[in-house]
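Novice: model this:
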Amino acid sequence: MSPNLSVAACLSPDVRQDIGIQVLSGSQPISHLAATHQVSRKFIYQQGDKAQRSLDASFAPTPADDEVLFHLPVTKNWLYQLILGLVLICHSSYRNVVELFRDLFDLPISIGTVHNRLEAAAATAAEINQGQALSSIKVGLLDEIFQADKPVLVGVDAVSTYCYLLQGVEHRDEDTWDYHLLDSMEQGFEPDSRVC
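Specialist: Numbering: from 1, shown residues only. Below you'll find the predicted structure:
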């Protein structure tokens, strides 16, 4: 044992627990426990208090299911974020978003409101995407997907899986691809190779 550490500091958790149990049971006088373990009576009382708190916590009633856990300040911006989260994270339909607002918040919104919020977020995202430097992309993966039977041009960085191109188009011909890839090149897109 280090000369700088007290005897109490060197007692293992098991010994401390045993002391606490003995204090609660009253099986031995406090002074006897202190002498046996070569610690102060104050330390023995502290272990008894810890044991009592643990025992109280173990038998404390669990909070009711209807107990308020926290208060949430709901603002228009928060509701707009909820709309985005429901659609983009939970993959909710516009109608399901409307239903949730009606049933949980008693707040009527229209499908048009949901659409407009998503369009506004898409416009903001497009501005942010236009400002991204694409020079670090060395292998560009190019493909076409379809949304509601309309073609969507897709470009993904093979290493990071960053989606640098996601553009709904009327046609998926060579000229349309060239036009959108030229836009990407203005942001520094010059990969070593492309996989189509």
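
Novice: lowest confidence element among the helices and strands of this protein?
Specialist: Across the helices and strands of the chain, mean confidence by mean pLDDT, DSSP states H and E is lowest for helix 7-10: a mean of 84.

Novice: show me what secondary structure element comes after that helix.
Specialist: Counting by DSSP states H and E, the next helix or strand C-terminal to helix 7-10 is helix 13-25.

Novice: counting contacts, what elements does that next one pack onto?
Specialist: Secondary structure elements in contact with helix 13-25, counted by 3 or more Cβ pairs under 8 Å, 6 or more residues apart in numbering; DSSP states H and E, are helix 30-37, helix 41-59. For the C-beta atoms, the positions are set from N, CA and C on the backbone; glycine is no exception.

Novice: switch the cut-off to 6 Å
Specialist: Where contact means 3 or more Cβ pairs under 6 Å, 6 or more residues apart in numbering; DSSP states H and E, helix 13-25 is packed against helix 41-59.

Novice: what angle do the helix it packs on and helix 13-25 make?
Specialist: Per axes from the mean of the first three to the mean of the last three Cα atoms, to 10 degrees, the angle that helix 41-59 makes with helix 13-25 is 80 degrees.

Novice: report the buried residues of helix 41-59.
Specialist: Neighbour counts using 16 or more other Cβ atoms under 10 Å place 43-44, 46-48, 51 of helix 41-59 among the buried residues.

Novice: any idea how far Ser54 is from Gly168?
Specialist: With distances defined as Cβ to Cβ, to the nearest Å, the gap from Gly168 to Ser54 amounts to 61 Å.

Novice: no, scratch that, I was asking about Thr36
Specialist: Plainly put, Thr36 is 22 Å away from Ser54 if you go by Cβ to Cβ.
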